[in-house]
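Student: need the 3D shape of this:
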Amino acid sequence: MDTLQNMRVFVRVVESGSFTAAAQHLNTTTAYASRAVSDLEAHLHTRLLNRTTRRIALTEAGKRYLQRCEQILAYVEEAEAEASDAHARPSGRLRIHAMASFGGHYIVPAVGRYQQRYPDVSVELTLSQRIPDLLDEGYDVSVVLGYHLPDSGLVSQRLGSAFSIACASPAYLERHGVPKTPGDLSNHVCLRLVTPGSVFDKWNFDGPHGVESYTLPPAPFQVNGADAMAIAVREGMGIAVLPTYTAMRWLTNGDFVWIMPEYTTEPMTIHALYSSREYLDAKIRTWVDFLREQLPQTLAAEEAALRRHTRV
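Tutor: Numbering: from 1, shown residues only. Purely as a prediction, here's the structure:
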């Protein structure tokens, strides 16, 4: 028995004053309307309506039940309107995950611009190096970088790509010289940045002669955060491969030198991951669309700025 639908029929019968009038309003038959009320009464073991051939009248129990039905149906209509509105209008809390350094550099500013466009959305952003389980941990969207996406069954939208560059401090290069090719790195101290989705023991460079690899020897220093590695490079501890978004400000102020500027690492793809395409909440849909619109422009502008600051 569809109790909710039978409640609707019961309320309409009372409001209309007859089964026939209610049936016409609901675009159904008088027999269906009568059976719906009878089913409710059988379910409740209570008579709700006294019937004659000319009129109907609520019983005392029917009056109390009618009030509850009206309240319940109003709540259901409100809930349905809110759910439908969530599909149409961005509002409510948006829970986002992003990789730590990347998220701090790109996602935080993007959130600010997004909320200017959609002020009814509040954002809860978590930055971490691990890729979360969206369903178990309740995130709406995760923004991740990697050479390959894990087979998770999630929906993915490609947002662009990012690459890394080899950097060192001027003081380090004064002491050890400037490498010109990946093969020259064997004479240098190479530091290891350990991040999800990256290859820890090898640097793959895309350069004038195609892809060239350098296998890292045991590193005297490794760390799992790009910002921490940038400090190590600034302190002259060695050469590191750093994401452009981390290296940029250090290059600009002269603390870093981009060595081997003809070489960049193979690009890592940036994806937005979310659970489903079907009946997608408006805040998720508009956030992903916003990133697809904004992020490629930002990445292109920063790459152009990076090239302008190249020096060896």
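Student: worst-scoring helix or strand of this protein, pLDDT-wise?
Tutor: Counting by mean pLDDT, DSSP states H and E, the weakest-scoring helix or strand in the chain turns out to be helix 60-88, with a mean of 80.
Student: contacts for the helix or strand that it is followed by?
Tutor: Counting by DSSP states H and E, the element after helix 60-88 in chain order, helix or strand, is strand 92-98. Applying CB atoms under 8 Å, 6 or more residues apart in numbering, the contact partners of strand 92-98 are 86, 106-107, 111, 120-128, 132, 134, 137-144, 281, 283-284, 287. Just so you know, the C-beta spots here come from the backbone N, C-alpha and C atoms, and that holds for glycine as well.
Student: please pick the buried ones from the residues you listed.
Tutor: By neighbour count, with 16 or more other CB atoms under 10 Å, these hold 86, 106-107, 111, 121, 123, 127, 134, 139-144, 281, 283-284, 287 as buried.
Student: of these, which belong to strands?
Tutor: Per DSSP state E, strands hold the following members of the buried ones among the contacts of strand 92-98: 121, 123, 127, 141-144.
Student: got CSV for these, with pLDDT too?
Tutor: Listed next are these as CSV, based on pLDDT from 0 to 100:
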residue, pLDDT
121, 93
123, 95
127, 92
141, 94
142, 93
143, 93
144, 90
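Student: for residue 38, give its distance to residue 46.
Tutor: Plainly put, residue 38 is 12 Å away from residue 46 if you go by CB to CB, to the nearest Å.
Student: what do you get for residue 55?
Tutor: Distance of residue 55 to residue 46, given as CB to CB: 20 Å.
Student: who has more neighbours out of the two?
Tutor: A direct count of neighbours by other CB atoms under 10 Å for residue 55 and residue 46 places residue 46 higher, at 14 against 9.
Student: give me the number of residues near the residue nearest to that one when sequence neighbours are not counted?
Tutor: Nearest residue to residue 46, sequence neighbours excluded (CB to CB, 6 or more residues apart in numbering): residue 61, at 4.8 Å. A count of nearby residues for residue 61, using other CB under 10 Å, gives 13.
Student: one more: residue 22?
Tutor: Applying other CB under 10 Å, we find 26 residues neighbouring residue 22.
Student: ok, now residue 91?
Tutor: 17.
Student: swap in residue 304?
Tutor: 9.
Student: does it belong to a helix, a strand or coil?
Tutor: With DSSP: H, G, I helix; E, B strand; the rest coil as the basis, residue 304 sits in helix.
Student: can you spell out the domain ranges of this structure, please?
Tutor: When the chain is parsed with automatic domain parsing, its domains come out as 3-88, 92-161+268-308, 164-265.
Student: my read: residue 154 touches residue 274, true?
Tutor: Yes: if you go by CB atoms under 8 Å, residue 154 and residue 274 touch, sitting 6.5 Å apart.
Student: shared neighbours, the two?
Tutor: Listed contacts common to residue 154 and residue 274 are residue 134; contacts here mean CB under 8 Å, 6+ apart.
Student: list the residues that contact the most centrally placed residue in the chain.
Tutor: By CA atoms, centre = their mean, the chain has its centre lying nearest to residue 141, at 1.5 Å. Residue 141 is in contact with 94-97, 134, 272-274, 284, 287-288, counting by CB under 8 Å, 6+ apart.
Student: can you put those residues in JSON lines and add pLDDT and distance to residue 265?
Tutor: Output for the contacts of residue 141, formatted as JSON lines (pLDDT from 0 to 100; distance: CB to CB, whole Å):
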{"residue": "94", "pLDDT": "94", "distance to residue 265": "32"}
{"residue": "95", "pLDDT": "94", "distance to residue 265": "31"}
{"residue": "96", "pLDDT": "95", "distance to residue 265": "26"}
{"residue": "97", "pLDDT": "95", "distance to residue 265": "24"}
{"residue": "134", "pLDDT": "82", "distance to residue 265": "28"}
{"residue": "272", "pLDDT": "93", "distance to residue 265": "22"}
{"residue": "273", "pLDDT": "91", "distance to residue 265": "23"}
{"residue": "274", "pLDDT": "89", "distance to residue 265": "27"}
{"residue": "284", "pLDDT": "91", "distance to residue 265": "31"}
{"residue": "287", "pLDDT": "94", "distance to residue 265": "28"}
{"residue": "288", "pLDDT": "93", "distance to residue 265": "26"}
